[in-house]
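Asks: could you look at this predicted model? Sequence included:
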Protein chains: 2
Amino acid sequence: MRQAGRSLPEYRELRKGIGMLESCFDPELVCEITMQPIRRHGVDAAILFSDIVVPLKAAGIDLDIVAGVGPVVATPVRDTADVRALPRLRPEEVGAIVEGVRLLTDALGDVPLIGFAGAPFTLASYLVEGGPSKNHERTKAMMYADPKTWHQLLGVLTDITIAFLKAQIDAGVDALQLFDSWAGALSQADYREYVMPHSQRVFAEVADAGIPRIHFGVGTGELLGAMGEAGADVVGVDWRVPLNEAVRRVGPGKALQGNLDPAVLFAGPEAVEAHARRIAAEADEAIVLGATGHIFNLGHGVLPDTDPGVITALVELVHEL
Amino acid sequence: MRQAGRSLPEYRELRKGIGMLESCFDPELVCEITMQPIRRHGVDAAILFSDIVVPLKAAGIDLDIVAGVGPVVATPVRDTADVRALPRLRPEEVGAIVEGVRLLTDALGDVPLIGFAGAPFTLASYLVEGGPSKNHERTKAMMYADPKTWHQLLGVLTDITIAFLKAQIDAGVDALQLFDSWAGALSQADYREYVMPHSQRVFAEVADAGIPRIHFGVGTGELLGAMGEAGADVVGVDWRVPLNEAVRRVGPGKALQGNLDPAVLFAGPEAVEAHARRIAAEADEAIVLGATGHIFNLGHGVLPDTDPGVITALVELVHEL
């Protein structure tokens, strides 16, 4: 359950007066924040506390995460010269994250750790727009008007993503998840032409590690098949598409992750149980239809106002089911 | 092209110092603002300048449209008592809009005028959340936890929407468009259970007028069939689903509207032309597959930074095609 931390009082306490990026580059904090939902909820795996812009910052790109806004990039990337000027990521630049992963593999014991990175398209959107964007118009403008520069940009970001994931793999993560948070803004045709070859290279370059590779997005109903083809072993599904339909789009031979609407956690225990049971039944059907497994999860991050007790009860219920 | 106004200097000039709601209740301004894109771009139909919260405000609900935020509701609707306290809309309360429509039917001559209303689910989201919401968690919480109150709320909003549309029909609109801007946040099963019966009642109650009824949403790939079944003659499609696929979901016997990504208008004339030609070709296929027609449009509103000259050129190109 990604972003479970932000609903926890112990997380808010720990983060008091400490910026988001500062926390992401502090190995002790990375370890402690990653551990908090494990202790509290007893979930079956931990996901590394980080942010998708962490490898960009580490590589030397001038950006910050502004509370209430999101990542803000000092100099947006708009043309070939900007792309050429982008740095590469040297593994030692993410030494703090690597150290956090090492602390975690000790602290977690038998609980597996999922590594974390943003996918090239979503990273590109932040760099081109200069921050969060509802419509990604400048990103798409570069994509459509200047595909050569676009593919150069995504090539650089793919290299950075691969270097970041390899550093996490070397440090001992047991699985990895690639977040393409904004891919759902694209049609399938555009995803296949402008994005998929790069995500494909990310997954191919980390295949040797032999650990499960999860691919996640939101509003990606049209893209589920393509996101699986990009090379993931597990495809994340949001609540808009039932798992027994998602399996038809993804095809057999891959696992599914999801897909409880985080808003259901605000609707009381009966609604949570009804939805969890429905999802478990749809997951069973998906497995009959060829899915290799199901990771019960929310279809998106935990919302900040979520009652942590509701999450703990949900985890217990899922374990029973 | 909905919201074409906000990209026009003459619109910004006219709105200087005048609030959004104030403009919506001023018949002369409603007429002038609706006319501006007609004069400038030569589009084939006008869409009434308004906002989805206008009938709520007219009925007496305390709300305002805050620049840079959106609609803000003074007292959010959270329980049965709140729902029972909601007012109904009397036709004379939207007299200013009716007068605007009358001025427009004169000013437009042969150019048809499309009436405008928000759909019950989207109106409910604003009332329950108290303003714009990314995740609609309180809205969905009411829907799942207290379906009886939920259906009462949507019943009231359906009555208001019908009264608002009937007033526009009586004043002479030639078509109407029902905007369910946030419906794409729902799965199809939830849409069918919690939303569709109410949208269905809206369309049924205005059927006698014999004018085309358009239903619009964004991110509604999973809902296209259900949104057509709700009773629309025309289903709006965003850019995520090609029209030759949308027709399969909507089924034969209805027209499609869309579906150029508004971001394409930032990508230069070659990209605009390529996408417009692709959409025209996909629309031709959709008609072979049973669609009764195609209204060329953007898949969402015009973005504020759009160059108006690009829109004018696109309209010319579409007329040529």
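Replies: Cool, got the structure.

Asks: wait, doesn't residue A:175 sit right on residue A:210?
Replies: No - assessed by CB atoms under 8 Å, residue A:175 is found out of contact with residue A:210, at 10.6 Å. In short, each C-beta sits where N, CA and C put it, glycine included.

Asks: out of those two, which sits in the busier spot?
Replies: Comparing residue A:175 with residue A:210 by neighbour count (other CB atoms under 10 Å in any protein chain shown), the higher total belongs to residue A:175, at 19 against 8.

Asks: distance from the one helix or strand residue A:127 maps to to the middle of the chain?
Replies: Taking DSSP states H and E as the criterion, residue A:127 maps to helix A:120-129. Relative to its chain's centre, helix A:120-129 lies at 14 Å (CA atoms, centre = their mean, to the nearest Å).

Asks: and that helix, is it in reach of chain B?
Replies: No - figure legend: helix A:120-129 not in contact with chain B (CB under 8 Å from any CB of the partner chain); closest approach 10.9 Å.

Asks: summarise which helices and strands that helix is packed against.
Replies: Judged by 3 or more CB pairs under 8 Å, 6 or more residues apart in numbering or on different chains; DSSP states H and E, helix A:120-129 is in contact with helix A:54-59, strand A:70-73, helix A:137-145, helix A:147-171, helix A:196-205.

Asks: and of those, who's closest to chain B?
Replies: helix A:137-145 (3.7 Å; CB to the nearest CB).

Asks: pLDDT of the closest one, averaged?
Replies: In this model, helix A:137-145 carries a mean pLDDT of 98.

Asks: which other residues reach that helix?
Replies: Contacting residues not belonging to helix A:137-145 are listed as A:76, A:78, A:124-125, A:128-129, A:133, A:149-150, A:153, A:185, A:190, A:194, B:261-264, B:266-268, B:270-271, B:275, B:303, B:305 [CB atoms under 8 Å, 6 or more residues apart in numbering or on different chains].

Asks: just the buried ones out of those residues, please.
Replies: Neighbour-count burial (16 or more other CB atoms under 10 Å in any protein chain shown) applied to those gives A:78, A:124-125, A:128-129, A:133, A:149-150, A:153, A:185, A:190, A:194, B:261-264, B:266-267, B:271, B:275, B:303.

Asks: any low-confidence regions in chain A?
Replies: Chain A contains residues with pLDDT under 70 at A:1.

Asks: any idea what the most centrally placed residue in it is bridged to?
Replies: The central residue of chain A, meaning the one whose C-alpha is nearest the mean C-alpha position (CA atoms, centre = their mean), is residue A:179 at 3.1 Å. Counting by DSSP bridges, residue A:179 forms beta bridges with residue A:118, residue A:216.

Asks: wait, residue A:234 touches residue A:211, no?
Replies: No - between residue A:234 and residue A:211 there is no contact under CB under 8 Å: 11.1 Å.

Asks: which of those two has more neighbours?
Replies: Neighbour count, other CB under 10 Å: between residue A:234 and residue A:211, residue A:234 has more, with 25 against 17.

Asks: wait, what's in contact with that one?
Replies: Contact analysis of residue A:234 by CB under 8 Å, 6+ apart lists A:212, A:213, A:214, A:215, A:254, A:255, A:256, A:257, A:293, A:295.

Asks: beta partners of it?
Replies: For residue A:234, the beta-bridge partners are residue A:214, residue A:255 (DSSP bridges).

Asks: roughly how far does the residue nearest to the centre of chain A sit from residue B:103?
Replies: According to CB to CB, to the nearest Å, residue A:179 stands 51 Å off from residue B:103.

Asks: ditto for residue A:215
Replies: Between residue A:215 and residue B:103 the computed distance is 54 Å (CB to CB).

Asks: these two: which is more packed in?
Replies: Between residue A:215 and residue B:103, counting by other CB under 10 Å, residue A:215 is the more crowded of the two (30 against 18).

Asks: how close does the more buried one get to residue B:273?
Replies: As defined by CB to CB, residue A:215 lies at a distance of 34 Å from residue B:273.

Asks: just put the helices and strands packed on helix A:120-129 in CSV and tack on distance to residue B:11.
Replies: Formatted as CSV, the helices and strands packed on helix A:120-129 follow (distance: least, CB to CB, whole Å):
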stretch, distance to residue B:11
helix A:54-59, 38
strand A:70-73, 30
helix A:137-145, 19
helix A:147-171, 32
helix A:196-205, 39
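
Asks: just tell me which of those ends up closest to residue B:206.
Replies: Proximity to residue B:206 (CB to CB) singles out helix A:137-145 among the helices and strands packed on helix A:120-129, at 34.8 Å.

Asks: next one: the closest one to chain centre, how far?
Replies: Centroid separation for helix A:137-145 versus its chain: 23 Å, with CA atoms, centre = their mean.

Asks: can you check stretch A:39-55 too?
Replies: The chain centroid and the centroid of stretch A:39-55 are separated by 10 Å, computed with CA atoms, centre = their mean.

Asks: spell out which parts of the stretch 151-300 of chain A neighbour chain B.
Replies: A:184, A:186-189, A:219, A:221-222, A:239-242, A:261-264, A:266-268, A:270-271, A:275, A:300.

Asks: out of those, which are inside helices?
Replies: Judged by DSSP state H, those include A:188, A:189, A:270, A:271, A:275 as members of helices.

Asks: quick one: the closest residue to residue A:184 other than its chain neighbours and residue A:319, what's the gap?
Replies: For residue A:184, ignoring the flanking residues on the chain, the nearest one in space by CB to CB, 6 or more residues apart in numbering or on different chains is residue A:219 at 3.1 Å. Shown here: residue A:219 relative to residue A:319, a distance of 29 Å by CB to CB.

Asks: distance of the nearest residue to residue A:204 once chain neighbours are set aside from chain B?
Replies: Leaving aside its chain neighbours, residue A:204 sits nearest to residue A:231 (5.9 Å; criterion: CB to CB, 6+ apart). With the distance defined as CB to the nearest CB, to the nearest Å, residue A:231 ends up 22 Å from chain B.

Asks: what about residue A:231, which SS state?
Replies: Following DSSP: H, G, I helix; E, B strand; the rest coil, residue A:231 is assigned to coil.
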